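Undergrad: dropping a prediction and its sequence here:
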Amino acid sequence: MESRPEFDSQMYNEAVGQFNRVAALMGLDDNVADRLRVPQKSTVVSFPFRHDNYTEVETIFGYRVQHLTTMGPTKGGIRFDTDVDLGEVAALAMWMTWKTAIVGVPFGGAKGGVRINPMNLSRAELQRVTRRFTMEIINVIGPDKDIPAPDLGTNEQVMAWLMDTYSQHIGHAVPAIVTGKPPALGGSVARREATGRGLMFLLPQAAQAVDLNPDGATVAVHGFGNVGRYAAIAGKDMKAKVVAVSDISGAVYNPDGLDVEAAAKWVDENRFLEGYPDADFIDEADIFGLDVDVLVPAAIQNVLRGDNAGDVKAKLVIEGANNPTTLEADDMLREKGVFIVPDILANAGGVTVSYFEWVQDVQKYFWSENETVGRLREIMTRAFDDVHAIARLENVDMRTAALIKGIRRVADAKLVRGVFP
Ligand code: NAD
């Protein structure tokens, strides 16, 4: 394989490393494999961002990467994060391709990112960055072309500004340009909860695989943003015992079970978990070594690494964040007998309800919450069964099986479309 310096980064190399291993195992056609290692289109922009103080103008970098356009529009979140770079966005776009294929929605993978710390921004600054970034990528996105969504550091409000900016440019309202927007603008009910809830729908099946009773199973959730919060709430609703949650300020731990809704209310009012009264406050990194049955990494990438995977006591790791486990930690956990439900399966509930939202926007016909959540559950649990069946048939772990399912579907589509011209 020729080197691809444009994308060189730890995350891209991990995504390609995983892909190469599974492509070899599957005996994937070399021409198709090489095409899938690199994204089809990458847009890099830089733009001026004026701070509220009117004196400082910073040059900001932004990215939109579309990995695969073979089967429909591309789909993927936009993250605002200090460390984001082209390689990271390219890796995340590739994982989105496998993810959409695993749950069988008619998209290819994309991802976007703006290198900025959203926690330092005022609301007005956040809005300016969002609108300017949207203008910078306006020609590469579109409801039939590439549809963004929220990710790390972005939320429903950011999606509303994106939708407004795009609509102002086109001259009429275009709700289908983005998913994860507020319901008042054509957002789907249950999208906000979809990723965390979808993940927890898999708990009974995953628990069965390791002979664990999901009722009363103890759960620690790393990250208490969109994914972590709703995973914790869904876990509690499903009678698991959520004993710890964390955010960037630290972790709260109560071995008797946390009142997750109260912790969420605390964060709404105080921004961070720090100071939450009804639990012990521990270091955010200590959450990985807690004596729990289920660990849900749902914050950022590379948190389970060679230096802490040995501390993990959980029998089940259900990955809410993208790429929370390094290749080294993945091997170590598997050797310890930990059952890992991989990110591209476990967090696919977000893109599944995003797909529902896009369908509803295009058809201008909206579904009830019961219908939406029922269909989400059906798609997630079926995807788990499909992946688990491949894992047993091929005698491989769940991550490898999920990649086989995703790559197989995409490769089949590529081969029947052929090469143009
Ligand atoms: P978010 O911004 O809503 O929440 C992130 C959480 O992680 C917060 O609690 C934050 O305090 C914590 N955090 C941030 N930086 C941290 C750090 N350096 N150390 C420890 N904790 C840190 O983001 P989100 O939308 O919940 O996304 C979380 C992860 O899930 C990301 O990997 C994202 O790509 C993935 N994901 C999100 C969705 C979605 O629908 N939002 C879907 C699929 C996957």
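TA: Perfect, thanks for sending it.
Undergrad: quick check: which element contains the residue lying closest to Pro214 once chain neighbours are set aside?
TA: Nearest non-adjacent residue to Pro214, counting by C-beta to C-beta, 6 or more residues apart in numbering: Ala207, 4.2 Å away. Using the backbone N, CA and C atoms, a C-beta is placed for each residue, glycine as well. Here Ala207 sits within helix 203-209, counting by DSSP states H and E.
Undergrad: do the very next helix or strand once past that helix and the ligand meet?
TA: Toward the C-terminal end, the helix or strand that comes next after helix 203-209 (DSSP H and E) is strand 218-222. No: applying C-beta under 6 Å from any ligand atom, one finds strand 218-222 separated from the ligand by no less than 7.0 Å.
Undergrad: roughly how far apart are Gly228 and Glu357?
TA: 21 Å (C-beta to C-beta, to the nearest Å).
Undergrad: tell me which of the two has more neighbours.
TA: In this view Gly228 and Glu357 are compared by other C-beta atoms under 10 Å, and Glu357 has more residues nearby, 29 against 26.
Undergrad: show the contacting residues for the residue lying closest to Asn322 once chain neighbours are set aside.
TA: Of all residues beyond its chain neighbours, the one nearest Asn322 is Asp343 (5.2 Å), with distances taken as C-beta to C-beta, 6+ apart. By C-beta atoms under 8 Å, 6 or more residues apart in numbering, Asp343 lies in contact with 95, 99, 319-324.
Undergrad: contacts for the helix or strand containing His169, please.
TA: Using DSSP H and E, His169 falls within helix 156-170. Outside helix 156-170, the residues that touch it by C-beta under 8 Å, 6+ apart are 78, 80, 126-127, 130-131, 134-135, 138, 141, 148-150, 173-175, 177-182, 185, 187, 192.
Undergrad: quick check: strands, which of these are part of them?
TA: Secondary structure assignment by DSSP state E places 78, 80, 148-150 of these in strands.
Undergrad: between all of those residues, which two are separated the most?
TA: Phe80 and Ala149 (13.2 Å; C-beta to C-beta).
Undergrad: wasn't Val410 part of a helix?
TA: Yes: the assignment for Val410 (DSSP: H, G, I helix; E, B strand; the rest coil) places it in a helix.
Undergrad: got a list of what it touches?
TA: Val410 neighbours (C-beta under 8 Å, 6+ apart): 36, 68, 70-71, 97-98, 101, 108.
Undergrad: if we go to 10 Å?
TA: 32, 35-36, 67-68, 70-71, 97-98, 100-101, 108-109 (C-beta atoms under 10 Å, 6 or more residues apart in numbering).
Undergrad: flag whichever of those scores worst on pLDDT.
TA: Across those, the bottom pLDDT score, 93, is held by Met71.
Undergrad: share the number of residues neighbouring the closest residue to Ala90 other than its chain neighbours, please.
TA: Excluding its sequence neighbours, the residue lying closest to Ala90 (C-beta to C-beta, 6+ apart) is Phe7, at 4.5 Å. Counted with other C-beta under 10 Å, the neighbours of Phe7 add up to 24.
Undergrad: okay, now the residue in the stretch 101-250 of the chain positioned nearest to the ligand: neighbour count?
TA: Nearest residue of the stretch 101-250 of the chain to the ligand (C-beta to the nearest ligand atom) works out as Gly225 at 1.7 Å. As a burial measure, Gly225 scores 21 neighbours (other C-beta under 10 Å).
Undergrad: contact residues of the stretch 151-300 of the chain facing the ligand?
TA: So the stretch 151-300 of the chain meets the ligand at 151-153, 195, 223-228, 247-248, 284, 298-300 (C-beta under 6 Å from any ligand atom).
Undergrad: before I go, just wanted to say thanks for your time.
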